[in-house]
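Novice: Could you look at this predicted model? Sequence included:
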Amino acid sequence: MFEYKGIKIKWLGHDSFSLTSNVKIIIDPYKISKQEKADLILISHNHFDHLSVDDLKNVSTKDTTIVAANECIDMLTGFTFKEKIGILPGQEKTVRGIKIKSIPAYNLDKINPQTKKPFHPKEDNKVGFLFELNGITIYHTGDTDLIPDMSDLKPDIALVPVSGTYVMTAQEAAKAIEKIKPKIAIPMHYGVIVGSEKDAHDFKQLVKSCEVQILTKE
């Protein structure tokens, strides 16, 4: 766990995090080991390793609100929660007192060899999330390449993928940090489907502009 100005941040593996202050937010729960319950769940896109109904069942209650990329909304069935709210890139919403802005998330050069299209096409409107918790801004990029949309966001904390194949490589992620300009960067998207801890350490070695925290999966 990493604590920053009263916010407890746990990496639950892959792209999944829990962030706890006066509310608990869980992002993209997938194969998580602890059965934590969330007040607010954020879902970046519809791929199985980000929208996992089994995991959503485990972390949601009748009081949980879900904010998800619009493409996910029809898939959120078969479990109990308070409400589901769709969001498109560039939209801003305040949910449970949390200001949330969705940032586009897409590939520029990560091409699916079967479809000949990007793994995360821009037209799908998959998202990352820029949100404020206790006056601290956090940017979860979602599954993305280094894209113009992430420039000068200047969050306190940036959660960025580093594994390559479907998302940025460690080298690309380090360049993205120069554009995002956070105070702290935390690598993600490794250790489950693609990528390893080496990618996280390579990323840390390359980033010179801010602090890097490599978290242990909880």
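Specialist: Happy to help now that I have it.
Novice: Mind listing what's buried along the helix or strand hosting Lys57?
Specialist: If you go by DSSP states H and E, Lys57 is part of helix 53-59. Burial within helix 53-59, assessed by neighbour count using 16 or more other CB atoms under 10 Å, is assigned to Asp55, Leu56, Asn58, Val59. All C-beta spots, glycine's among them, are computed from the backbone N, C-alpha and C.
Novice: Restricting to C-alpha, output it in PDB.
Specialist: Only the C-alpha atoms of helix 53-59 are listed here, as PDB (Å, rounded to 0.1, in the frame of the first residue of the first chain):
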ATOM      1  CA  VAL A  53     -18.700  -9.300 -13.800                       C
ATOM      2  CA  ASP A  54     -17.500 -11.900 -11.300                       C
ATOM      3  CA  ASP A  55     -15.100  -9.400  -9.800                       C
ATOM      4  CA  LEU A  56     -17.800  -6.700  -9.900                       C
ATOM      5  CA  LYS A  57     -20.100  -9.000  -7.900                       C
ATOM      6  CA  ASN A  58     -17.500  -9.300  -5.200                       C
ATOM      7  CA  VAL A  59     -16.700  -5.600  -4.700                       C
END
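Novice: other SSEs contacting it?
Specialist: With contacts defined as 3 or more CB pairs under 8 Å, 6 or more residues apart in numbering; DSSP states H and E, helix 53-59 has no helix or strand neighbours.
Novice: next helix or strand past that helix?
Specialist: strand 65-69.
Novice: Need phi/psi at the closest residue to Asp55 other than its chain neighbours.
Specialist: Nearest non-adjacent residue to Asp55, counting by CB to CB, 6 or more residues apart in numbering: Pro29, 4.0 Å away. Backbone torsions of Pro29, given as degrees, to the nearest 10, read phi -60, psi 130.
Novice: Quick check: pLDDT value at Pro29.
Specialist: Looking at Pro29, its pLDDT stands at 97.
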